[in-house]
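S.K.: Only the shape, not the letters, is given here:
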């Protein structure tokens, strides 16, 4: 039960950390609507996005069982984890919608386009546990929708959340690589498999820290 709960929390955190841009999209798409329509657009758009994301994630779970796909997915997920820490500014270029229907459509389409990282990460982390997938997505998306501003502020105020999320993604990428038996057997041979997820986590966090330290302004000499 504890393992199930920890897995659920990890999926929630991954989804929230990777959905910062989605929160911005929701705010922008409904910006020009009257207040009562804005709320409708946000919630209907969210429900449509949840449905699409659930379908995509379930499909991804089964696709990842194909040989070589999981290894390729692990490299993509590793890239996503590093990019999460390197990108300081997540800009969402979305036009404000003028009608309720257009706003809902904009939210659903934008979420679909921007959800590859979420879908891949959650499908890999859940390891075929569809119950955890459904609960993790269904609960985290409304949190993002309802508190999109709060989520953005929290991620800005507590960067450690982004590092934890990126670390989980790095670890998951390592797990994915090892689970692709054909590729791991060819490349790892006698190398202990349990070390791989740790190494990928260290790489992700290390790159993030180096980027953060190198971005600090250098003191000016008079």
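M.R.: Structure received. If you're wondering where the values come from, they're calculated on a predicted model, not measured in any experiment. Residues are numbered from 1 along each chain as shown.
S.K.: which other helices and strands contact the longest helix anywhere in the chain?
M.R.: Ranked by residue count under DSSP state H, the longest helix found in the chain is helix 35-63. Contact partners of helix 35-63 among helices and strands, from 3 or more CB pairs under 8 Å, 6 or more residues apart in numbering; DSSP states H and E: helix 20-29, helix 100-114, helix 116-126, helix 130-146. (Glycine included, C-beta is placed from N, CA and C.)
S.K.: by how many degrees do the next helix-or-strand element following it and helix 116-126 diverge?
M.R.: Helices and strands here follow DSSP states H and E; after helix 35-63, the next one along the chain is helix 69-86. Using axes from the mean of the first three to the mean of the last three CA atoms, to 10 degrees, one finds that helix 69-86 and helix 116-126 are set 120 degrees apart in direction.
S.K.: May I see the buried residues of helix 69-86?
M.R.: With burial defined by 16 or more other CB atoms under 10 Å, the residues of helix 69-86 counted as buried are 70, 71, 73, 74, 76, 77, 78, 80, 81, 82, 84, 85.
S.K.: I'd assumed residue 176 was in contact with the second one.
M.R.: Yes: taking CB atoms under 8 Å as the definition, residue 71 is a contact partner of residue 176 at 7.4 Å.
S.K.: Run the chain-centre distance for stretch 201-208.
M.R.: When C-alpha coordinates are averaged (CA atoms, centre = their mean, to the nearest Å), stretch 201-208 and its chain have centres 17 Å apart.
S.K.: With stretch 57-76 instead?
M.R.: 16 Å.
S.K.: what about that stretch, how long is it end to end?
M.R.: Length of stretch 57-76, first residue to last, CA to CA, to the nearest Å: 16 Å.
S.K.: what's the average pLDDT for stretch 32-42?
M.R.: Model confidence over stretch 32-42 averages 77 on the pLDDT scale.
S.K.: Could you report the neighbour count for residue 59?
M.R.: Around residue 59 sit 12 other residues, with neighbours defined as other CB atoms under 10 Å.
S.K.: One more: residue 62?
M.R.: The tally of other residues near residue 62 (other CB under 10 Å) stands at 10.
S.K.: On the pLDDT front, check it for me.
M.R.: At residue 62, the pLDDT value in this model is 81.
S.K.: List the residues that contact it.
M.R.: When the contact criterion is CB atoms under 8 Å, 6 or more residues apart in numbering, residue 62 has no partners at all.
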